[in-house]
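Enquirer: requesting a structural model of the entry that follows:
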Amino acid sequence: MCGRFTLTATPQALTEAFAGYAVPDKTPIRYNIAPSQPVAVITNTNEKRLDFFVWGLVPAWAKDPKIGNRLINARAETLGEKPSFKNAYKRRRCLVLADGFYEWQKKPGSKTKTPMYIRLASGRPFAFAGLWEQWHAPDGGEMLSCTIITTEPNELLRPIHNRMPVILLPDAYSAWLNPAEQKPGDLSHLLKPYPAAAMAAYPVSTLVNNPRHDGPECIAPQQTLF
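Expert: Just a heads-up that it's a prediction; the model follows:
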């Protein structure tokens, strides 16, 4: 699963990476984004701007928004089947903006896990494939939420974790954000592992285990990059 990630890119860098979409000047720098927190998204509503949704999908039919705590990730292989995701997969897709994410690697023969920071080798910001929903509360309020799609790991991630988030190639953004209703088979080819050769991973401090730590020390390398 993908349970923590970063968005440390400046608004200028985001504007360059996501040309044609309006980026707020005060987009916050985040080193340790956790579930239930606001995350930067671009939806398929044709509004052409970055917005902030709660991380943890709350389907429109949900009676309790706490269901989002269990729906921070969605498996690419079953999106068209799961009641929590199939309608959003057809109609409500989004980009979740990031420039790195964390996974915890088990040490052989030990219960200890090492936090690993994974990013593009270029250091550029990128987009996870995501789904979004609009939930209406009984009191008339609403919640806009999202989930990050995961797939099987590439060669870099395989020794670290058995899943990885789907990172879309830039030339896939327009297809993923097409507002027209899509059949599952129309988009499945986009939900593949990102090329391992274009990524890098390195161990970081256990500070990241606590979401209250949200500074550059979270991504400081503890050993040599590999």
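Enquirer: contacts and neighbour counts: CA atoms only from here.
Expert: Will do.
Enquirer: tell me the first helix or strand C-terminal of the helix or strand bottoming out on mean pLDDT in the chain.
Expert: Here the helix or strand of the chain ranked lowest by mean pLDDT, DSSP states H and E is helix 184-187, holding a mean of 90. Sequence-wise, the next helix or strand downstream of helix 184-187 (DSSP states H and E) is strand 199-203.
Enquirer: contacting residues around the least confident helix or strand of the chain?
Expert: Applying Cα atoms under 8 Å, 6 or more residues apart in numbering, the contact partners of helix 184-187 are 79-80, 89-90, 175-176.
Enquirer: which of those are buried?
Expert: Among these, those that count as buried by neighbour count (16 or more other Cα atoms under 10 Å) are 79-80, 89-90, 176.
Enquirer: for this protein, which segments count as helices?
Expert: 11-17, 86-91, 173-176, 184-187 (DSSP state H).
Enquirer: let's see the first one as CSV, backbone CA atoms only.
Expert: Listed in CSV are the C-alpha atoms of helix 11-17, where the atom choice follows Å, rounded to 0.1, in the frame of the first residue of the first chain:
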residue,chain,number,x,y,z
PRO,A,11,4.2,26.1,-7.0
GLN,A,12,6.4,27.1,-10.0
ALA,A,13,7.7,23.5,-10.3
LEU,A,14,4.1,22.2,-10.2
THR,A,15,3.0,24.7,-12.8
GLU,A,16,5.8,23.5,-15.1
ALA,A,17,5.0,19.8,-14.5
